[in-house]
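sequence first, then the predicted structure:
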Amino acid sequence: MRFLALDHPDRAAWPAALEIYHEAFPDPKGRKPDRVIERMFGEGQGLLFALAEESGGVSAFAFAGVLPEANVLLIDYIAVRASERRRGLGGKLMEEIEEEARRRKLDGLLIEVEAEETPDNLARIRFWLSCGFELTEYVHAYTWVPEPYRAMILSFDPAKPLPADGKKLFKHISKFHSRAYRGYTDKG
């Protein structure tokens, strides 16, 4: 498999990533609309990371964006094709994303995870912990989604750790989401 790091949707990886995105997040209310993600690329805010097969298919993807004021990479969505799960591809993709973020001279990685202690949410948190992330304490409640979230961080330099203040981190995350949805309406 080869790792792709794209700042624009291409003809091969983009449709395959969208297919996995819709499979992993089947409820349209639980994901960003495709047009919002496409516009993020057009505005230079979006990144697509993927593990591509030699045949051209995609087995795993992540949509992400750089938060320049925090100098971190925010992973917005990540998923592995259902038929390819439990083979270590999520961990492999995260290793590649971490290397790419380091090449970009970023200070670390940031994600937001559902804070409710359901079996699925706890399994996701365990995955992120296994990738080296740390869970912050602050629980953030968005006004536009019902579930609360917590931030998780992965600092690259122990001498220059990312802030563990979840409230501060969610200011950066919220700015990212607000920028993504700026000017968006259901009608296009």
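Sure, I can see it.

list the contacts of the helix or strand of the chain with the lowest mean pLDDT.
Within the chain, no helix or strand scores below helix 34-42, which has a mean of 86 by mean pLDDT, DSSP states H and E. With CB atoms under 8 Å, 6 or more residues apart in numbering as the test, helix 34-42 has contacts from Asp7, His8, Pro9, Leu18, Gly46, Leu48, Phe63, Gly65, Ala180, Tyr181, Tyr184, Gly188. The way it works is simple: take the backbone N, C-alpha and C, and place the C-beta from them, glycine included.

make it 6 Å
Applying CB atoms under 6 Å, 6 or more residues apart in numbering, the contact partners of helix 34-42 are His8, Pro9, Gly46, Phe63, Ala180, Tyr184.

low-confidence regions, the protein specifically.
185-188 (pLDDT under 70).

can I assume Glu96 is in contact with Ala5?
No. The pair Glu96 and Ala5 fails to qualify as a contact (CB atoms under 6 Å) at a distance of 7.9 Å.

so what's the residue count around Pro163?
Residues contacting Pro163 under the criterion other CB atoms under 10 Å number 15.

going forward, begin numbering at 587 instead of 1
Sure, I'll start counting at 587 from here, so that last one is Pro749.

not counting residues beside it along the chain, what's closest to it?
In space, and not counting its chain neighbours, Pro749 is closest to Leu755: 6.4 Å by CB to CB, 6 or more residues apart in numbering.

that neighbour reaches Met738, doesn't it?
No. With contact defined as CB under 6 Å, Leu755 does not reach Met738; the gap is 9.2 Å.

for the closest residue in space to Ala750 that isn't next to it in sequence, what are its contacts?
Leaving aside its sequence neighbours, Ala750 sits nearest to Thr722 (CB to CB, 6+ apart; 5.5 Å). With contact set as CB under 6 Å, 6+ apart, Thr722 has these partners: Arg736, Ala737, Ala750, Gly752.
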